[in-house]
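A.B. asks: Here is my input, please return the structure:
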Amino acid sequence: MGFFAFVGVVTFFYYLINGILWCALDSDIELFIRSLVGKRISSLSGTVVWITGASSGIGKALALELAKHGVKLVVSARRGAELEKVKRECLTVSGGKLQPIDILVMQMDMLEISRHQQFFDHVLQHFGRLDILVNNAGRSQRANWEDIAIKVDQDLFQLDVFSVVNLSRIAVRYFKGANVRGHIAVTSSTAGLIPVPNSASYTGAKYSIHGYFGALQTENPGMDVTIFCPGPTFSEFLQEAFTESEGKKYGIAVRPTDKRMTAERCGKLFAIALANKLHINWVGRFPISLLLYLSLYFPNIRVLITKYLNISKLQKIRDSN
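C.D. replies: Purely as a prediction, here's the structure:
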């Protein structure tokens with residue numbers, strides 16, 4: 001076999017194996033490999049991790065997964081009673097690795113930006129330090145592009161972008177002032193990697209998150225920054241989603257028959273990404289990962305997919321039903 005023939009065979013099998021993995025895995029390949037041979041979640045034992053939006057969904061699942069491995073937690077959200085339930089569950093699953101003092105419940109509205117520093121100082125007063133900030137709080141959206149009121153765009157960006165950036169800047173200043181490496185994580189979305197239908201404001205916000213935190217990664221190579229991008233997941237996310245009108249929620253729950261990732265699986269993969277200090281990862285059931293790889297590696301294919309699939313089919317893929 002000649003040299004060029006050999007290169008051709010290697011290239012063919014490389015893309016064949018990758019294609020199979022793109023279809024079979026519920027995460028990107030890097031995260032899958034790290035889940036097998038990377039650092040264990042237990043390597044985070046004893047660290048202090050603050051999770052916003054921790055009263056339900058991915059945030060709650062991440063808190064429970066970390067608690068199993070003895071990670072000290074700050075859990076914050078607007079619903080204090082739900083956070084207390086999360087704390088009790090975390091103490092139970094920790095199997096004695098955590099005591100009540102190791103989990104700080106902090107009722108907090110991310111939109112109260114003027115109080116972010118106060119909340120941050122409370123964390124430091126309780127634990128004396130913070131190792132990882134996980135920006136998980138946020139809301140999705142369902143609306144036609146042309147029907148969205150500009151106030152909805154502004155409100156969604158205020159919650160999903162500006163509040164996240166503000167709290168993260170406080171954390172970055174703390175890490176630098178304390179002369180520690182520090183770790184900032186943010187829950188983005190697969191909508192931050194490829195545009196999705198009927199969520200223009202949300203897609204725009206997640207693209208902005210990638211811009212902001214990509215810039216943070218570039219400017220601070222000595223700091224760990226993780227951008228985690230879930231696809232459709234079983235949670236309350238859809239019910240709470242923005243619509244086209246100010247103050248109106250989508251109000252439709254996900255269906256048990258939807259082909260979505262469980263919050264528990266998503267939380268475990270997120271924890272693996274944190275333990276291995278990964279930069280950017282995505283998770284989702286087939287065909288989410290396949291579509292992401294094709295769109296990111298071969299942009300023209302995304303154009304063809306968008307062109308030849310009607311909006312209803314794209315919406316079904318997006319909502320995994």
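A.B. asks: what about this protein, any weak spots by pLDDT?
C.D. replies: When residues are selected by pLDDT under 70, those of the chain lie in 1, 310-314, 316-321.
A.B. asks: Run through the strands of it in chain order.
C.D. replies: 48-52, 72-77, 103-107, 132-135, 183-187, 224-230, 280-283 (DSSP state E).
A.B. asks: what's the spacing between the fifth one and its chain's center?
C.D. replies: Between the mean C-alpha location of strand 183-187 and the chain-wide mean there is a distance of 8 Å, by CA atoms, centre = their mean, to the nearest Å.
A.B. asks: Please enumerate residues in contact with that strand?
C.D. replies: Residues from elsewhere that reach strand 183-187, judged by CB atoms under 8 Å, 6 or more residues apart in numbering: 53, 58-59, 131-136, 138, 164, 168, 171-172, 209, 213, 216, 223-228, 230, 270, 273-274, 277. C-beta coordinates here come from the backbone N, C-alpha and C atoms, glycine included.
A.B. asks: try it again with 6 Å
C.D. replies: The contact list for strand 183-187 (CB atoms under 6 Å, 6 or more residues apart in numbering) reads 132-136, 168, 209, 213, 224-228.
A.B. asks: Pick the one among these closest to residue 20.
C.D. replies: Distance to residue 20, by CB to CB, is smallest for residue 228 among the contacts of strand 183-187, at 24.1 Å.
A.B. asks: ok, now which ones touch that closest one?
C.D. replies: 187, 270, 273, 281.
A.B. asks: So which bits of the longest helix anywhere in the chain are buried?
C.D. replies: Secondary structure assigned by DSSP state H gives helix 3-24 as the longest helix of the chain. Residues 21, 22 are the ones in helix 3-24 that count as buried (16 or more other CB atoms under 10 Å).
A.B. asks: Can you dump the C-alpha atoms of it in CSV for me?
C.D. replies: Presented in CSV, the C-alpha positions along helix 3-24 are these (Å, rounded to 0.1, in the frame of the first residue of the first chain):
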residue,chain,number,x,y,z
PHE,A,3,1.7,6.3,1.4
PHE,A,4,-1.3,8.3,0.0
ALA,A,5,-3.4,5.2,0.1
PHE,A,6,-2.5,4.6,3.7
VAL,A,7,-3.3,8.2,4.6
GLY,A,8,-6.7,7.7,2.8
VAL,A,9,-7.5,4.5,4.8
VAL,A,10,-6.5,6.1,8.1
THR,A,11,-8.6,9.2,7.3
PHE,A,12,-11.6,7.0,6.4
PHE,A,13,-11.5,5.0,9.6
TYR,A,14,-10.9,8.1,11.6
TYR,A,15,-14.1,9.7,10.4
LEU,A,16,-16.0,6.4,10.5
ILE,A,17,-15.1,5.9,14.2
ASN,A,18,-15.9,9.5,15.0
GLY,A,19,-19.2,9.3,13.2
ILE,A,20,-20.2,6.2,15.2
LEU,A,21,-19.3,8.0,18.4
TRP,A,22,-21.2,11.2,17.4
CYS,A,23,-24.3,9.0,17.1
ALA,A,24,-23.8,6.7,20.1
